[in-house]
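Novice: Pasting a predicted model and its sequence here:
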2 protein chains.
Amino acid sequence: MIELYGYWRSVATLRVRIALNMKALAYEETSVDLAEGAQHDERFLAINPNGSVPALVVDDEPAITQSLAILEYLEEAFPVPPLLPADALGRARVRAIGLLLAADYHPVLTPRVVRRLTEDFQASAAQRAAWVRRWFRDGLVQAEARLMGDTATERFCHGDAPSIADICLVSHAVVGAEFGAECSDLPTVNRIVATCRQIAAFADALPHRQPGAPALNPRG
Amino acid sequence: MIELYGYWRSVATLRVRIALNMKALAYEETSVDLAEGAQHDERFLAINPNGSVPALVVDDEPAITQSLAILEYLEEAFPVPPLLPADALGRARVRAIGLLLAADYHPVLTPRVVRRLTEDFQASAAQRAAWVRRWFRDGLVQAEARLMGDTATERFCHGDAPSIADICLVSHAVVGAEFGAECSDLPTVNRIVATCRQIAAFADALPHRQPGAPALNPRG
């Protein structure tokens, strides 16, 4: 029994949904409404004392938090199909591309940071939106710099099979597009995201296909 | 032959130095002077097109980037002593504590973000310093919330041996103290950091013991 605590539009939840789908694991998702501050409710803090999604509960064990730790857990507990290549240097490259997006760029645009811009600098709604859009975009630009012209980049970010790198790239790009960050001028990113979106494990995980999500945005 | 490209005060470089010491691996460190913008020089971009430290080059292979990807690489290539426990849930807990600090909190206080506060909001030097101090501190507070009262927390963050979680905690706390973020009121964090600092692999990696670092700060 696998329970996922997440939020329909959360980039980090999307990463986990794609991985669960790739591993063909059945799960139930409980929505933690970040827009309503439900991540700070005592009930959720008992699951994750840090008050962040996603959290994954497998067979009533203590929750696993942090999307990349969840992906590594799934890879170790359910190795087929693999989310990482077999060789150590290849694994390092895939993890580094994932971390480039999931650690260097995505955290900077999360609500906990954007809230501080208002508190500290009286940021306007337009300034907050520009901040979010720009960090989404900068992450995609850095991913392009990393992927483009590297012979290890093939059909996917690394070789011929989707990996943690593709999971992080697609999650960043898809939610980024919702916030107005485009990647159409980034040829490698654009091509790989389009390729992944053809795969059911990715397509079925997308935000607007989740319960509780609003009607589809034309870009989504 | 292991070459580490880093910077004496970089939190992420410190993580890698501790891991290399724990694995008893000899390495040579080349300083990339972040204060001078050397990470954007063409010479370094040829090593890491994303212009960030650390980068690790092993036997002239392509550079491995992102500190957590480097730690996982070292764990796979040089398994003894381990930086992760043996069981999948324990490994997930260790990785999650590491990511809590290295992904949720540390990226928000890096120069690439702080620079934007000045550009977008005309942040003063005092406001920039407060921003950095607060995100260091918030990470430690969240680590305390995660570690405190969890029976899996023992002498170290997880059980009786130092792991990736301790590496990330000590790196965050030690450099945070340099920037004025204290953890003396966070009993679990404070205790584990003090315990780790007694270990040579941690002590020898500290910023002020690196070539090019200024004279020791009284707190360092």
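Specialist: Done, it's in.

Novice: Would you quantify the distance from residue A:157 to chain B?
Specialist: Separation of residue A:157 from chain B (C-beta to the nearest C-beta, to the nearest Å): 13 Å. For every residue, glycine as well, the C-beta is placed using N, CA and C.

Novice: Mind naming the longest helix for chain A?
Specialist: Counting by DSSP state H, the longest helix found in chain A is helix A:125-147.

Novice: can you tell if stretch A:132-145 touches chain B?
Specialist: Yes. Using C-beta under 8 Å from any C-beta of the partner chain, stretch A:132-145 reaches chain B at A:134, A:142, A:145.

Novice: quick one on the thing from earlier: name the helices or strands packed onto the longest helix of chain A?
Specialist: In terms of contacts (3 or more C-beta pairs under 8 Å, 6 or more residues apart in numbering or on different chains; DSSP states H and E), helix A:125-147 is packed against helix A:88-99, helix A:111-121, helix A:164-178, helix A:187-197, helix B:111-121.

Novice: Render the CA-only coordinates of the longest one in PDB, please.
Specialist: Included here for helix A:164-178 are C-alpha records, laid out as PDB according to Å, rounded to 0.1, in the frame of the first residue of the first chain:
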ATOM      1  CA  ILE A 164      15.700  10.800 -13.000                       C
ATOM      2  CA  ALA A 165      17.200  13.600 -15.100                       C
ATOM      3  CA  ASP A 166      14.200  13.500 -17.500                       C
ATOM      4  CA  ILE A 167      11.800  13.300 -14.500                       C
ATOM      5  CA  CYS A 168      13.200  16.500 -13.100                       C
ATOM      6  CA  LEU A 169      13.400  18.200 -16.400                       C
ATOM      7  CA  VAL A 170       9.900  17.500 -17.500                       C
ATOM      8  CA  SER A 171       8.500  18.400 -14.000                       C
ATOM      9  CA  HIS A 172      10.300  21.800 -14.100                       C
ATOM     10  CA  ALA A 173       9.400  22.600 -17.700                       C
ATOM     11  CA  VAL A 174       5.700  21.600 -17.400                       C
ATOM     12  CA  VAL A 175       4.900  23.500 -14.200                       C
ATOM     13  CA  GLY A 176       7.200  26.300 -15.400                       C
ATOM     14  CA  ALA A 177       5.000  26.700 -18.500                       C
ATOM     15  CA  GLU A 178       2.000  27.100 -16.300                       C
END
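
Novice: Now do that helix against helix A:125-147, angle only.
Specialist: 150 degrees (axes from the mean of the first three to the mean of the last three C-alpha atoms, to 10 degrees).

Novice: residues in contact with the residue lying closest to residue A:7 once chain neighbours are set aside?
Specialist: Distance criterion C-beta to C-beta, 6 or more residues apart in numbering or on different chains; nearest residue to residue A:7, sequence neighbours excluded, is residue A:34 at 4.7 Å. Shown in contact with residue A:34 (C-beta atoms under 8 Å, 6 or more residues apart in numbering or on different chains): A:7, A:9, A:10, A:53, A:111.

Novice: change it to 10 Å
Specialist: Residue A:34 is in contact with A:6, A:7, A:8, A:9, A:10, A:13, A:40, A:51, A:52, A:53, A:110, A:111, counting by C-beta atoms under 10 Å, 6 or more residues apart in numbering or on different chains.

Novice: Grab the nearest non-local neighbour of residue A:204.
Specialist: Excluding the flanking residues, the one nearest residue A:204 by C-beta to C-beta, 6+ apart is residue A:21, at 5.6 Å.

Novice: So stretch A:166-180, near chain B or not?
Specialist: No. Using C-beta under 10 Å from any C-beta of the partner chain, stretch A:166-180 stays clear of chain B, coming no nearer than 11.2 Å.

Novice: Residue A:74 belongs to a helix, doesn't it?
Specialist: Yes. Judged by DSSP: H, G, I helix; E, B strand; the rest coil, residue A:74 forms part of a helix.

Novice: give the contact list for the closest residue to it other than its chain neighbours.
Specialist: Once flanking residues are discounted, residue A:74 sits nearest to residue A:19: 5.3 Å by C-beta to C-beta, 6+ apart. By C-beta under 10 Å, 6+ apart, the residues touching residue A:19 are A:25, A:56, A:67, A:70-75, A:78, A:83, A:162, A:164, A:167, A:201, A:205.

Novice: Remind me which helix or strand residue A:19 belongs to.
Specialist: Per DSSP states H and E: residue A:19 is located in helix A:11-22.

Novice: For that helix, give the mean pLDDT please.
Specialist: For helix A:11-22, the mean per-residue pLDDT is 98.

Novice: buried residues in that helix?
Specialist: For helix A:11-22, the neighbour count (16 or more other C-beta atoms under 10 Å in any protein chain shown) marks A:11, A:12, A:13, A:14, A:15, A:16, A:17, A:18, A:19, A:20, A:21, A:22 as buried.

Novice: cool, and stretch A:85-100?
Specialist: For stretch A:85-100, the buried set under the neighbour-count rule, 16+ other C-beta under 10 Å, comprises A:85, A:88-89, A:91-100.

Novice: my guess is residue A:197 contacts residue A:177, does it?
Specialist: No. If you go by C-beta atoms under 10 Å, residue A:197 and residue A:177 don't touch, sitting 11.0 Å apart.

Novice: Between the two, which is the more surrounded one?
Specialist: residue A:177 (18 against 13; other C-beta atoms under 10 Å in any protein chain shown).

Novice: how far away is the more buried one from residue A:68?
Specialist: Distance, residue A:177 to residue A:68, by C-beta to C-beta, to the nearest Å: 22 Å.

Novice: Residue A:30 now?
Specialist: Residue A:30 sits 21 Å away from residue A:68, taking C-beta to C-beta as the criterion.

Novice: Those two: which is more packed in?
Specialist: Legend: neighbour count by other C-beta under 10 Å for residue A:30 and residue A:68, higher for residue A:68 (25 against 14).

Novice: Go ahead and produce PDB holding the CA coordinates of the one helix or strand that one maps to.
Specialist: Element membership of residue A:68 [criterion: DSSP H and E] is helix A:67-77. Written as PDB, here are the backbone C-alpha positions of helix A:67-77 (Å, rounded to 0.1, in the frame of the first residue of the first chain):
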ATOM      1  CA  SER A  67      11.300  14.000  -3.800                       C
ATOM      2  CA  LEU A  68      14.800  12.900  -4.800                       C
ATOM      3  CA  ALA A  69      15.100  10.700  -1.700                       C
ATOM      4  CA  ILE A  70      11.800   9.100  -2.700                       C
ATOM      5  CA  LEU A  71      13.100   8.500  -6.200                       C
ATOM      6  CA  GLU A  72      16.200   6.800  -4.900                       C
ATOM      7  CA  TYR A  73      14.100   4.700  -2.600                       C
ATOM      8  CA  LEU A  74      11.800   3.600  -5.400                       C
ATOM      9  CA  GLU A  75      14.900   2.800  -7.500                       C
ATOM     10  CA  GLU A  76      16.300   0.600  -4.700                       C
ATOM     11  CA  ALA A  77      13.100  -1.100  -3.600                       C
END
